[in-house]
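Trainee: Requesting a structural model of the entry that follows:
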Amino acid sequence: MQDVLNILFWVGTTAGGLLIFLLLLSIFGSMDIGGDVDVDTGSDMDGHSDGSAADAGLGLLKTMLTFISVGAFTARAIFLNTSWSWTLVIISSVIAGAVAVILLTWFFRWLLRNQEEGNWQLWQAEGKVGSVYVPIPADGKGIITVQIDNATREMAARSDNGRSFGTREKVLIVEAKEDYVIVAPYES
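Mentor: From the prediction side, this is the model:
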């Protein structure tokens, strides 16, 4: 019985250690060894899109290491603390490993679903109300601020009809050009 406990300990420790080593290698080695979770959420967001065989293999390896590590430690804990039969221990260990993999997959899908892209495009400002930050002369550019994706953005702006705008005046963004927006007076 002691031999089985030692084997379970070393199997779980080795699998867990390899899993941690792969994680540290990807973090500190600045290597994208991928395969953490390949998610297709049914939207325009991809979890991992390069699709290389090495990434898929490492993802499967990480999944198997998680399953083996949790299953082995569960079996060892059951052996040490209960008098269950081999059948119940094996069934419990398989269930524990499967639950760990399912929870880990669910957690990574949740993280990927809640990530936001930090980039924004000038066209996203069209139709929004902004505030003049740097006055806009009748024939030149000024700077306005506007809320886009819950963040205040600054952008160059020109008047749509040659009218000048002073600081803190509210303006409506009518059109986005290459590197500036066209604004009109905002009537509240």
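Trainee: helices or strands next to the lengthiest strand in the chain in the packing?
Mentor: Across the chain, the longest stretch assigned as strand under DSSP state E is strand 151-159. Packing partners of strand 151-159 (3 or more C-beta pairs under 8 Å, 6 or more residues apart in numbering; DSSP states H and E): strand 129-134, strand 142-148, strand 181-185. For glycine as for every other residue, the C-beta is placed from the backbone atoms N, C-alpha and C.
Trainee: go with 7 Å
Mentor: On a contact count with 3 or more C-beta pairs under 7 Å, 6 or more residues apart in numbering; DSSP states H and E, strand 151-159 meets strand 142-148, strand 181-185.
Trainee: Output those strands as TSV; include the columns mean neighbour count, mean pLDDT and distance to W106.
Mentor: Below are the helices and strands packed on strand 151-159 laid out as TSV (neighbours: other C-beta atoms under 10 Å; pLDDT from 0 to 100; distance: least, C-beta to C-beta, whole Å):
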stretch	mean neighbour count	mean pLDDT	distance to W106
strand 142-148	18	95	31
strand 181-185	20	95	42
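Trainee: Need the ones you listed in TSV (columns: distance to G71).
Mentor: Conversion of the helices and strands packed on strand 151-159 to TSV gives the following (distance: least, C-beta to C-beta, whole Å):
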stretch	distance to G71
strand 142-148	48
strand 181-185	58
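Trainee: Can you pull out the low-pLDDT segments for this protein?
Mentor: Where the chain drops to pLDDT under 70, the residues are 26, 29-57, 116-117.
Trainee: Pop the domain breakdown of it in here.
Mentor: 2-113, 122-185 (automatic domain parsing).
Trainee: so who does A15 touch?
Mentor: Contacts for A15 were tallied using C-beta atoms under 7 Å, 6 or more residues apart in numbering; they are 65, 68-69, 72.
Trainee: does it sit in a helix, a strand or a coil?
Mentor: helix (DSSP: H, G, I helix; E, B strand; the rest coil).
Trainee: if I look at it, how far off is D149?
Mentor: Distance, A15 to D149, by C-beta to C-beta, to the nearest Å: 41 Å.
Trainee: again, but for I27
Mentor: Taken as C-beta to C-beta, the span from I27 to D149 is 28 Å.
Trainee: now do L22
Mentor: As judged by C-beta to C-beta, L22 and D149 stand 34 Å apart.
Trainee: Show me which of the two is the more surrounded one.
Mentor: L22 (18 against 11; other C-beta atoms under 10 Å).
Trainee: For the helix or strand where that one lies, which residues meet the burial criterion?
Mentor: Assigned by DSSP states H and E, L22 belongs to helix 2-28. For helix 2-28, the neighbour count (16 or more other C-beta atoms under 10 Å) marks 8, 11-12, 15-16, 18-19, 22, 26 as buried.
Trainee: Just put those in JSON lines and tack on distance to G142.
Mentor: Output for the buried residues of helix 2-28, formatted as JSON lines (distance: C-beta to C-beta, whole Å):
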{"residue": "L8", "distance to G142": "70"}
{"residue": "V11", "distance to G142": "68"}
{"residue": "G12", "distance to G142": "64"}
{"residue": "A15", "distance to G142": "61"}
{"residue": "G16", "distance to G142": "59"}
{"residue": "L18", "distance to G142": "59"}
{"residue": "L19", "distance to G142": "55"}
{"residue": "L22", "distance to G142": "52"}
{"residue": "S26", "distance to G142": "46"}
